[in-house]
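Enquirer: Got a sequence here, can you build the structure:
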Amino acid sequence: MPNPTEWPVISDDPRVQKPYEDMRARGQSHRMAEMLAFRRPSGTSQTDKAFMQGCQNGEFLGELTPRQRSKYQVLARQAGVSIEGKTYKGSQARFEGDPRAWVSDVDECRKLVQVRNDERARKADLPPVRLAEDIVQEFVSQELAQTPLADPRELREKVIEQHGAPAC
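Expert: You can find the predicted model right below:
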């Protein structure tokens, strides 16, 4: 049996690493201890077989109404997405029937998640907006209706100060 100092670090999380080391100290093999420490039995996740089980060719669409099923398929066709051999992952959809949510395997789903995360990161790089422009315009219009001679630029600043998020 390997010396505890020779055991690999399988996780930086002590809630995973400690049980792994305890099981190894009791004589468990590396693979079994790792699987149990992560609480991820082999073949149940992270595999295409498990991911796609019962989902090929949009089989889950049978759970939808005929109208919903048709809508999803039409949206995919219009976007040039073939659903053959794919499954629809609603958890990855931005809207009902999102054609980008049709995936064929675990890797494709991971890539979609990465793209969505990249999109979120780009949006996070935008400067913060204190008050949405449509709301500003609505309040300015209301103010101008009450005081037609007021300066719209001054009203705009007043509206943002009154109703917007605090200045950074």
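Enquirer: ok, and the closest non-adjacent residue to residue 8?
Expert: Closest residue to residue 8 apart from its sequence neighbours, by C-beta to C-beta, 6 or more residues apart in numbering: residue 30 at 7.4 Å. Placement of C-beta: from N, CA and C, glycine included.
Enquirer: The one you found: what's it in contact with?
Expert: By C-beta atoms under 8 Å, 6 or more residues apart in numbering, residue 30 lies in contact with 7, 8, 24.
Enquirer: quick one: the strands in this structure?
Expert: 87-88, 102-103 (DSSP state E).
Enquirer: Mean pLDDT lowest where, among these?
Expert: Least confident of the strands of the chain, judged by mean pLDDT, is strand 87-88 with a mean of 80.
Enquirer: so what secondary structure elements neighbour that one?
Expert: strand 102-103 (3 or more C-beta pairs under 8 Å, 6 or more residues apart in numbering; DSSP states H and E).
Enquirer: Residues contacting the strand it packs on, please?
Expert: With C-beta under 8 Å, 6+ apart, strand 102-103 has contacts from 76, 81, 83, 86, 87, 88, 89, 92, 109, 112.
Enquirer: Which helix or strand in this protein has the lowest average pLDDT?
Expert: Ranked by mean pLDDT, DSSP states H and E, the weakest helix or strand in the chain is helix 48-52, scoring a mean of 65.
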